[in-house]
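Asks: Turn this into a structure:
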Amino acid sequence: MIEIFTQPWPWYVAGPLIGLTVPALLILGNKSFGISSSLRHICASCAPFGIPFFQYDWKKEIWNLLFVLGILIGGIIAGNFLANPEPIQVNESLKSELATYGITNFNFLVPTDIFNWNNLLTLKGFFMMVIGGFLVGFGTRYAGGCTSGHAIMGLSNLQWPSLVATISFMVGGFIMANFILPFILKI
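Replies: Numbers count the residues shown, from 1 in each chain. Down below sits the predicted model:
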């Protein structure tokens, strides 16, 4: 039984399960699916002083914080107890391309050749982790939500801003992966 949790689920199982989250949240509690708003709720609960953006009744959204806590606990359980010990399977042509950028370790979900504490203090690491993290956070606030909120919840509700945001996320991701990232990795 536990073996089913140690292998990736096929798209035709995982996709509908994610898709069913939207109507379940709407039907059971009239709630919207999204993760990025939880950071605002955390800030409002910890630092409610003087900042108008954080002046609201965050306790009405406690379910969202519990949802994020469940994701965190699930990730810890999956990473420590259910993780597949085999290296990540990467196409050979992609491996050879990534080797030209110095990425050769495929034992983890993220390339440890880039994402490690020592690399954080380099120019490449600073761009990848600090500037990249800032841009993701800024883009999330600017777009009024994250990819999960817009692409899963917003599109299922036929919201025009979510369609624009999702297209923008995808175009930005393609540009980053194909043009900007190769430049940064050569630094």
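
Asks: can you pull out the helices in this protein?
Replies: 3-6, 11-29, 37-46, 62-81, 92-99, 117-120, 123-125, 132-143, 147, 155-156, 160-175, 181-185 (DSSP state H).

Asks: buried set for the third one?
Replies: This points to helix 37-46. Residues S37, S38, R40, H41, A44 are the ones in helix 37-46 that count as buried (16 or more other Cβ atoms under 10 Å). Any C-beta I mention is one placed from the backbone N, CA and C, and that applies to glycine too.

Asks: want to try a markdown table for those residues, with distance to I77 and pLDDT as columns?
Replies: Listed next are the buried residues of helix 37-46 as a markdown table, based on distance: Cβ to Cβ, whole Å; pLDDT from 0 to 100:
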| residue | distance to I77 | pLDDT |
| --- | --- | --- |
| S37 | 24 | 81 |
| S38 | 19 | 84 |
| R40 | 26 | 82 |
| H41 | 23 | 85 |
| A44 | 28 | 84 |
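
Asks: for the helices of the chain, which one ends up most surrounded?
Replies: helix 147 (a mean of 20; mean count of other Cβ atoms under 10 Å).

Asks: Show me the contact partners of stretch 95-108.
Replies: Outside stretch 95-108, the residues that touch it by Cβ atoms under 8 Å, 6 or more residues apart in numbering are P87, I88, V90, P111, T112, D113, I114, P182, L185, K186.

Asks: ends of it, how far apart?
Replies: Stretch 95-108 has an end-to-end distance of 14 Å (Cα to Cα, to the nearest Å).

Asks: Stretch 81-94 too?
Replies: End-to-end distance for stretch 81-94, by Cα to Cα: 29 Å.

Asks: hmm, back to that, buried subset of the contacts of stretch 95-108?
Replies: Here, 16+ other Cβ under 10 Å leaves P111, D113, I114, L185 buried among the contacts of stretch 95-108.

Asks: now, which of the residues you listed sits nearest F81?
Replies: Checking the buried ones among the contacts of stretch 95-108 against F81 with Cβ to Cβ, the nearest one is P111 at 23.1 Å.

Asks: and the gap between the residue sitting furthest away from the middle of the chain and N80?
Replies: When distances are taken from the C-alpha mean of the chain, G50 lies farthest, 30.0 Å away, according to Cα atoms, centre = their mean. G50 sits 40 Å away from N80, going by Cβ to Cβ, to the nearest Å.
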